[in-house]
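Q: Quick one, what's the 3D model for this:
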Amino acid sequence: MKKIISMILCVAMLIGCVAAFTACDSKDDNKLVMATNAAFPPYEFVDGDNGFAGIDVEIAQEIAKKLGKELEIADVEFGSIIGGVQSGKYDFGMAGMTVTEDRKKSVDFSDTYATAVQVVIVKEGSQYASFEDFYTGFDADGDPTGVKEGIKIGVQQDTTGDIYASDVPKKWGFGKDNVIQYKTGADAVQALLTDKVTAVIIDNEPAKSFVQVNEGLKILEGEYANEDYAICVQKDNTALLNDINKALKELKEDGTIDKIVAKYIK
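A: Numbering: from 1, shown residues only. Below is the predicted model of the structure:
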């Protein structure tokens, strides 16, 4: 009797494992799942009852259309996008994402589809005229030697603004101790409005959106950093990467991307 029960349990476990495997392997081939962080206007944001909108969203929709697939958008924390793409949970990540050497260790990137600039937001009436004023001085090579006391920089966690700002002064960062990370750019801006940080470092277009809707803020003159945006896919997923690059090339050549960008950036 015990032997029969054991056999039944083994068969049940085997069926369960097969079912679990089948469920994991039942990805819909007619869909493309895009991971993004929809708190980064004008690239991706939630447009009331209309769902997701923005430059990245519309470009992704055009790519999916060219590939004959339905686009599904997963709104997640920015820091979890690469891990989700790396594991195969999402087909690709598109969230105003900059290509960096560190990120290239985990995922592959498409051709560039946009160029962005990192800028600094401060409150109107700030004593600082440029981000160079945050430093105590400069060496013979023109690189900063230290950061002024009391300087606190707000950033969105895991973004390039976070990476750059958290670096040492010699590399034009402010040191990790002087950087405060927030889940979204909007959270960082709110911290600026309530005097919890001295400034916020973020991409130029989102910065303009935040300044437009929050009275009493301004963008300092000058560029903190330049960078390129691209789409990340799972390592060695050459077929999808080639399909995305082909679609991007066509969308650039026929003017579609320019039209999408012009719709959101005047």
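
Q: all strands of the stretch 51-200 of the chain, in order?
A: 52-53, 70-75, 92-93, 107-109, 114-123, 135-138, 144-147, 153-156, 179-182, 199-203 (DSSP state E, counting those that start in this stretch).

Q: Of those, which is nearest residue 246?
A: Of all the strands of the stretch 51-200 of the chain, strand 92-93 sits nearest to residue 246, with 14.0 Å by Cβ to Cβ. (Glycine included, C-beta is placed from N, CA and C.)

Q: Output the strands of the stretch 51-200 of the chain in CSV, with mean pLDDT appended to each entry.
A: Below are those laid out as CSV (pLDDT from 0 to 100):
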stretch, mean pLDDT
strand 52-53, 96
strand 70-75, 97
strand 92-93, 98
strand 107-109, 98
strand 114-123, 94
strand 135-138, 97
strand 144-147, 97
strand 153-156, 97
strand 179-182, 98
strand 199-203, 96
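
Q: Quick one: those strands as CSV, columns for distance to residue 216 too.
A: What follows is the strands of the stretch 51-200 of the chain, written out as CSV (distance: least, Cβ to Cβ, whole Å):
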stretch, distance to residue 216
strand 52-53, 26
strand 70-75, 29
strand 92-93, 34
strand 107-109, 37
strand 114-123, 6
strand 135-138, 25
strand 144-147, 24
strand 153-156, 15
strand 179-182, 19
strand 199-203, 13
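
Q: Out of those strands, which gets nearest to residue 251?
A: strand 114-123 (11.8 Å).

Q: Now do the buried residues in the closest one.
A: 114, 116, 118, 119, 120, 121, 122, 123 (16 or more other Cβ atoms under 10 Å).

Q: ditto for stretch 36-55
A: Buried residues in stretch 36-55 (16+ other Cβ under 10 Å): 36-45, 52-55.

Q: swap in stretch 173-191?
A: 173-174, 178-182, 184-191.

Q: Kindly report the same for stretch 68-82.
A: 69, 71, 73, 74, 76, 78, 80, 81, 82.

Q: got it, and stretch 236-254?
A: Buried, per 16+ other Cβ under 10 Å, within stretch 236-254: 237, 240, 241, 243, 244, 245, 247, 248, 251.

Q: Among the buried residues of stretch 68-82, find me the one that's closest to residue 209.
A: Taking the buried residues of stretch 68-82 together and measuring to residue 209 by Cβ to Cβ, the closest member is residue 78, at 16.4 Å.

Q: Which residue is the nearest non-sequential neighbour of the closest one?
A: residue 37 (4.1 Å; Cβ to Cβ, 6 or more residues apart in numbering).

Q: OK, contacts around the one you found?
A: Taking Cβ atoms under 8 Å, 6 or more residues apart in numbering as the criterion, residue 37 is in contact with 44, 75, 76, 77, 78, 81, 95, 184.

Q: quick one: the second one from residue 217, how far?
A: Separation of residue 75 from residue 217 (Cβ to Cβ, to the nearest Å): 25 Å.

Q: cool, and the third one?
A: If you measure residue 76 against residue 217 using Cβ to Cβ, the figure is 27 Å.

Q: For residue 188, see how far away residue 58 is.
A: 25 Å.

Q: what does residue 215 give?
A: 17 Å.

Q: Residue 256 now?
A: From residue 256 to residue 188 the distance is 32 Å (Cβ to Cβ).

Q: Over to residue 125?
A: Residue 125 sits 19 Å away from residue 188, going by Cβ to Cβ.

Q: do residue 100 as well
A: Counting by Cβ to Cβ, the separation of residue 100 from residue 188 is 20 Å.

Q: Then residue 253?
A: As judged by Cβ to Cβ, residue 253 and residue 188 stand 37 Å apart.

Q: again with residue 70
A: Relative to residue 188, and taking Cβ to Cβ, residue 70 is found at 34 Å.

Q: residue ranges for the helices of the stretch 101-250 of the chain, please.
A: Under the criterion DSSP state H, counting those that start in this stretch, the stretch 101-250 of the chain contains helices at 160-166, 185-193, 204-213, 238-253.

Q: Looking at the ones you listed, spot the one closest to residue 65.
A: Here helix 238-253 is closest among those (Cβ to Cβ), at 8.6 Å.
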